[in-house]
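Asks: Turn this into a model:
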Amino acid sequence: MKMNKVREQISQVFLESLKENELPWQKGWMTERPYNTVSNTEYRGVNSFWLSCTAEQKGYSDPRWCTFKQAKDKGWKVKKGEHGTQVEFWSMYDTETKKKLTVRESNVLKKELGEDFYERVKPISSVYTVFNAEQVEGIPKREKTQEPIQSDGLLHNRDTLIKNMGFTFHEGGSRAFYRPGDDSVTFPQMEQFRSIYDYMSVFLHESGHATGHESRLNRDLSGGFGSHKYAREELRAEIASAFTSQELGLGEMAADHMDNHKAYIQSWIEVLEKEPQELFAAIRDAEKISDYLIEKGEFFPEKQQRAELDMQKQQYVTEHQRNLDHVPVERIPVVINAFGGPGSGKSTACMDICQQLKKLGYNAEYVQEYAKELVYDKNWELLDGSEAHQFEILKEQVHRMDRLYGQADFIITDSPILLNSIYNQELTAAYSGMVQELHGQYHNFSFFVERDRESFQQEGRIHNLEESIVKDKEIQTLLKNNNIYYGTYTHETIGKVVQNAITTYRWLNQETEKKQSESERSIPVEKDQEGMAGKTLISVSESLAGRLWDEECSLYTREGNNSHMINSRSQLYEAGKEKTLYVQEEEFSRCMKKKFFPTVTCEWSEHDCFDDGKTYLVSEFSDKMANADQEWCKNNRGGEENAMGYAKVKFQVNLSAEGDKIVERQDIGDGDGSMIEFLRETDGIQYQRAVELLEEACTLEKDFLNYQKKLNGIFEQKEGHLPHPEHEMGDCQDEILNTIQKQLNRERSRQGATKPVNRQLERLK
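Replies: Take a look at the predicted model:
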C-alpha cells in the first residue's frame with residue numbers, strides 16, 4: 001500500500017533519527033498530548049506522534065494546534081514566514097458513487113450492505129496542514145496546564161494497574177523485564193531509579209509488554225531476543241511508554257533507560273527499511289496499549305467517565321435510529337427546525353407556523369424548548385454547559401420529538417437538535433458528530449429567524465441581547481459548516497415557511513401522495529350548473545388559458561366541488577388574476593390533437609413560483625425557471641459556491657400530440673438558468689431535437705404573449721373591463737378584434753338569438 005505524504009515524511013525522519021542513535025522522544029516530549037484548539041479534540045495515533053516529535057524538534061511548549069482556516073475564522077493570524085506541519089485525516093470513500101461518506105452515511109450503508117460494505121467502501125486519507133499556537137498571532141493565552149500526578153498518586157495507580165491487569169509483580173534484582181510464560185513483571189527496587197518518574201516510565205514499558213498477553217490485547221510475543229519479532233514488540237512497548245508518560249506528564253526519560261533500548265535500534269532500522277508501514281502499525285498498537293494502561297491504572301477517572309459517556313452516546317444514536325426505523329409511518333413526517341439565538345422569536349414563529357398548518361388540514365405539533373423550562377425551574381446545574389448535562393437535555397428534547405413521530409405530519413420545534421452542540425461548553429468533535437448524526441436521522445426543514453432587536457425579552461433566558469446576537473452568528477456558522485440548507489425569514493415573511501415546508505413534505509411523500517397529486521391535477525366534477533357530472537378538469541396557467549380560449553376551449557374556475565364556466569374574455573382576465581383556471585381534460589386533449597403546441601407540466605416543485613400539477617406555456621415556464629434560479633442564487637447562496645442547497649423542480653415537457661415527452665428534474669440555484677438552457681446542456685440527441693422544437697415554440701409564443709398583454713391592457717381601461725373602440729391596439733389589432741368577435745359569438749350562442757347582446761361589443765364588431 002502506497003503511503004501518503006505525511007507518512008513518507010514521518011518514516012524518513014524516524015529512520016534518520018535512529019541512524020543517529022537517537023529516538024524522537026529521547027529528550028522528553030511536552031507533558032501534554034497535542035490537541036486542536038478549536039475542536040478541543042486530542043490528536044491520536046500517527047498525528048499525535050508526529051506533532052509531538054515536531055514540537056520537541058522546534059521547541060514548542062504549547063500543545064495547541066489549528067489549521068490556517070480555523071485561525072482565520074477565529075480572527076487569529078498565522079505569523080508571516082511560518083511553515084505548518086502536515087497531519088492526516090482518514091475518511092470512508094464510496095467507490096460506486098465516487099464520494100466521501102459522512103459517519104452517518106457510512107453507518108447507514110454498512111447496515112444496508114453487510115459484509116459487502118468493505119468491498120465497496122474503502123478508507124482514504126487526506127492531508128491537512130496545522131500550525132502550533134506559538135506560530136499564531138492573536139490566539140488567547142492558554143489558561144490551564146496539566147500538572148503531573150504526584151508521587152503518592154503514581155504509586156497508588158501502579159498498584160491499581162497491577163491489580164486490574166492481573167499479572168504477577170516481583171520486586172528485586174537489577175533488571176526490568178516481562179516474562180510471557182508465567183505472565184509476570186520483574187522490577188528493580190525504586191531506590192535504583194533517579195526519580196519516581198523514571199521508575200514509572202520503565203514500569204509502563206514493561207506493563208506495555210504485559211498487555212500483549214492472550215487474556216488482554218493478544219499480540220504475538222513469541223519472538224526471542226534479537227529477532228525481528230522481538231524488535232517489533234519492543235518498538236510498540238517503547239512508543240506506548242512514551243505516549244503514556246506524556247499523558248501522565250512524566251517528562252524526560254532517564255539516560256540509562258534510553259541506553260537499554262539502543263540495543264534494539266539497529267534491528268528497528270532493518271525492519272523499517274524493509275517494511276516502512278511497520279512504524280505506523282507499531283504506532284497504532286502503541287495507542288491501544290497506552291489507552292489500556294491508562295484505563296486499567298485508573299489514572300484519569302474523569303477521562304474514563306468521558307469514555308463511558310462516549311460509548312453511551314454511540315449506543316444511544318444507534319438505538320435511536322433502530323427505534324425510528326420500527327415506527328410504522330404512512331407518511332414521512334417533516335421536522336421544521338427554527339434556528340436563532342435566544343430571544344430571536346423562534347417560539348412565536350413556531351406557534352404561528354403550527355397554527356397555519358393546522359388550518360390547512362395538516363397534523364402539526366409544536367415541541368417546546370426543554371432548556372427554557374429548566375431556566376424557569378432555576379435548574380442551573382443542568383444548564384451548566386457540561387457535556388454530560390447537555391447530553392441529558394438532548395435526550396429529553398429528542399424524546400419530545402420522537403413521541404410525535406409517525407403521528408404528526410409536521411413536528412415544529414424551536415430547539416433543533418443541532419443547537420445542543422452550541423451550548424456545550426466542553427464540545428468535542430465526537431459530541432458534535434453525534435449531534436449531527438441524530439439530526440440526520442430525521443427529515444428536516446430548517447429556517448433561521450432574523451432577530452428584531454427592539455423586541456428582545458430577558459425573562460426566561462440566561463443570555464442578554466449582546467450575547468444572544470453572538471449566538472446568532474455562531475448558529476449561522478454551525479449551519480454553514482454542516483452544509484445545512486436554510487432560508488432566513490423575518491416575522492413578516494414567516495408565512496412562506498409553511499408553503500415551502502409543505503412542498504418538502506409532498507416531495508418526501510411523493511409515492512404516498514401520487515394519487516392525491518393526480519386528484520389535484522385532474523379534479524372530478526361531481527355537480528355544477530353546466531351539466532359536467534363525471535368530467536375532469538386540469539389546472540392551467542393564465543397564459544395557457546388565454547391560448548386555449550382562442551382555440552375555443554371552455555375554461556372554468558372552481559369553488560369547492562362546483563365548477564363555474566368562464567363566459568367572456570374579460571371574465572377570464574379577471575379570474576386569472578386571483579383564481580386557478582381549469583380546462584376539461586378531454587377538451588384539452590382534442591385541442592392538442594387538432595392544433596398541437598408544446599406545453600410544460602410541473603409535477604412538483606420545492607419553489608413557490610410554480611404550482612404542482614399546473615400546465616404552462618413553454619416560454620412561460622422556462623422564463624419562470626430562469627428568474628427563480630437567478631433570485632435563488634442572489635438571495636440564498638450569496639454567490640458562494642456550494643454554500644447552500646437547491647430547490648428541486650420536476651417537470652414534464654409535452655412534445656407532440658402523439659404523447660412524446662421528456663421528464664426531467666432541475667435544481668433551482670445551481671446556475672443552470674432557464675429550462676431550455678438546462679435541456680440544452682443535457683447530453684443526448686433527443687434533447688437537442690427537443691430544444692430546437694421548444695425554441696421555435698417560444699418564438700411563436702412571443703407574438704401571442706404580446707397580443708395577450710395588449711388585450712389585457714384594454715380590459716384594464718374602463719370600469720367593467722370592456723374594451724373601448726377608440727383604444728390603441730397597435731400591431732395586435734386584428735388578433736384582438738378577432739377575439740372580441742369570438743366573444744360576441746359566444747354571447748349570442750349562450751343568450752339565444754332573441755336576447756340582446758352587449759352593445760359596446762356590437763359596435764366594436
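
Asks: What are the boundaries of the strands in the stretch 51-200 of the chain?
Replies: In the stretch 51-200 of the chain, strands defined by DSSP state E, counting those that start in this stretch lie at 64-67, 77-78, 85-94, 99-101, 121-132, 136-137, 168-171, 177-179, 184-187, listed in chain order.

Asks: could you give me the average pLDDT of the last one?
Replies: Meaning strand 184-187. When pLDDT is averaged along strand 184-187, the result is 94.

Asks: buried ones in that strand?
Replies: By 16 or more other Cβ atoms under 10 Å, the buried positions in strand 184-187 come out as Val185, Thr186, Phe187. For glycine as for every other residue, the C-beta is placed from the backbone atoms N, C-alpha and C.

Asks: Low-confidence stretches in the stretch 351-500 of the chain?
Replies: 453-463 (pLDDT under 70).

Asks: So in this structure, where's the weakest helix or strand by average pLDDT?
Replies: helix 759-764 (a mean of 38; mean pLDDT, DSSP states H and E).

Asks: now stretch 216-236, how far from the centre of its chain.
Replies: 45 Å (Cα atoms, centre = their mean, to the nearest Å).

Asks: Report the mean confidence score over it.
Replies: The average pLDDT within stretch 216-236 is 89.

Asks: picking that back up, tell me which of the buried residues of strand 184-187 is nearest to Val271?
Replies: The closest of those to Val271 turns out to be Val185 (Cβ to Cβ; 25.1 Å).

Asks: give me every residue that touches the closest one.
Replies: 162, 167-170, 176-179, 203, 206-207, 209-210 (Cβ atoms under 8 Å, 6 or more residues apart in numbering).

Asks: partner residues bridging it?
Replies: According to DSSP bridges, the partner residues bridging Val185 are Phe169, Tyr178.

Asks: where's it relative to Glu233, distance?
Replies: Relative to Glu233, Val185 is positioned 15 Å away (Cβ to Cβ, to the nearest Å).

Asks: pretty sure Asn424 is touching Glu387, no?
Replies: Yes - between Asn424 and Glu387 there is a contact under Cβ atoms under 8 Å: 5.8 Å.

Asks: Touching both of these two, which residues are there?
Replies: Tyr431.

Asks: Over to stretch 62-81 now: how far is its first residue from its last?
Replies: In stretch 62-81, first residue to last residue: 19 Å (Cα to Cα, to the nearest Å).

Asks: So what touches it?
Replies: 30, 32-38, 43, 51, 55, 84-85, 128-139, 142, 477.

Asks: how about the strands in the stretch 301-450 of the chain?
Replies: Assigned by DSSP E, counting those that start in this stretch, the stretch 301-450 of the chain shows strands spanning 334-339, 364-367, 410-413, 444-449.

Asks: which outside residues touch the third one?
Replies: Same thing as strand 410-413. Here strand 410-413 has contacts from 333-338, 350, 353-354, 357, 362-369, 397, 400-401, 404-405, 501, 505, using Cβ under 8 Å, 6+ apart.

Asks: Arg400: neighbour count?
Replies: For Arg400, the count of nearby residues is 17 (other Cβ atoms under 10 Å).

Asks: For the helix or strand Ser468 falls within, buried residues please.
Replies: For Ser468, the host element (DSSP states H and E) is helix 465-481. Buried positions in helix 465-481, judged by neighbour count with 16+ other Cβ under 10 Å: Leu465, Ser468, Ile469, Lys471, Asp472, Ile475, Gln476, Leu478, Leu479.

Asks: repeat for stretch 270-280
Replies: Val271, Leu272, Pro276, Glu278, Leu279, Phe280.

Asks: Same check on stretch 586-595?
Replies: Residues Glu587, Phe588, Cys591, Met592 are the ones in stretch 586-595 that count as buried (16+ other Cβ under 10 Å).

Asks: so how far is it from its chain's centroid?
Replies: Worked out by Cα atoms, centre = their mean, stretch 586-595 lies 47 Å from the chain centre.

Asks: quick one: contacts of that stretch?
Replies: Contact with stretch 586-595 is made by Lys535, Thr536, Ile538, Val540, Leu548, Glu551, Cys553, Ser554, Asn654, Ala657, as judged by Cβ under 8 Å, 6+ apart.

Asks: So which of these are in strands?
Replies: Thr536, Ile538, Val540, Asn654 (DSSP state E).

Asks: would JSON lines of these with pLDDT be doable?
Replies: Formatted as JSON lines, the ones in strands among the contacts of stretch 586-595 follow (pLDDT from 0 to 100):
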{"residue": "Thr536", "pLDDT": "79"}
{"residue": "Ile538", "pLDDT": "88"}
{"residue": "Val540", "pLDDT": "92"}
{"residue": "Asn654", "pLDDT": "90"}
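
Asks: Please tell me which one of those residues counts the most neighbours.
Replies: Counting by other Cβ under 10 Å, top hit in the ones in strands among the contacts of stretch 586-595: Val540 with 25 neighbours.

Asks: buried stuff in the top helix by length along the chain?
Replies: Identified as the longest helix of the chain according to DSSP state H is helix 685-715. Within helix 685-715, the residues scored as buried using 16+ other Cβ under 10 Å are 687, 690-691, 694, 697-698, 701, 704-705, 707-708, 710-715.

Asks: so what secondary structure elements neighbour it?
Replies: Under the contact criterion of 3 or more Cβ pairs under 8 Å, 6 or more residues apart in numbering; DSSP states H and E, helix 685-715 touches helix 542-550, helix 569-578, helix 618-632, strand 661-668, helix 675-680, helix 733-751.

Asks: Does the second one pack against any helices or strands, and if so which?
Replies: In this structure, helix 569-578 packs against helix 542-550, helix 685-715, helix 733-751, with contacts taken as 3+ Cβ pairs under 8 Å, 6+ apart.

Asks: try 10 Å
Replies: On a contact count with 3 or more Cβ pairs under 10 Å, 6 or more residues apart in numbering; DSSP states H and E, helix 569-578 meets helix 542-550, strand 555-559, strand 562-565, helix 685-715, helix 733-751.

Asks: Could I get the average pLDDT for whichever helix or strand comes after it?
Replies: Next along the chain after helix 569-578, taking DSSP H and E as the criterion, comes strand 581-584. Regarding strand 581-584, the rounded mean pLDDT is 90.

Asks: Okay, now the sheet partners of strand 581-584, with direction.
Replies: Paired neighbours of strand 581-584 in the sheet (DSSP bridges): strand 536-540 (antiparallel), strand 555-559 (antiparallel).

Asks: Need the contact partners of the last one.
Replies: Residues from elsewhere that reach strand 555-559 (Cβ atoms under 10 Å, 6 or more residues apart in numbering): 523, 525, 528, 530, 532, 535, 537, 539-540, 545-546, 548-549, 562-567, 571-572, 574-576, 578-584, 587.

Asks: Now, of these, which are buried?
Replies: Counted by 16+ other Cβ under 10 Å, these give 523, 525, 528, 532, 535, 537, 539-540, 545-546, 548-549, 563-564, 566, 571-572, 575-576, 580-584, 587 as buried.

Asks: Thank you kindly, that will do.
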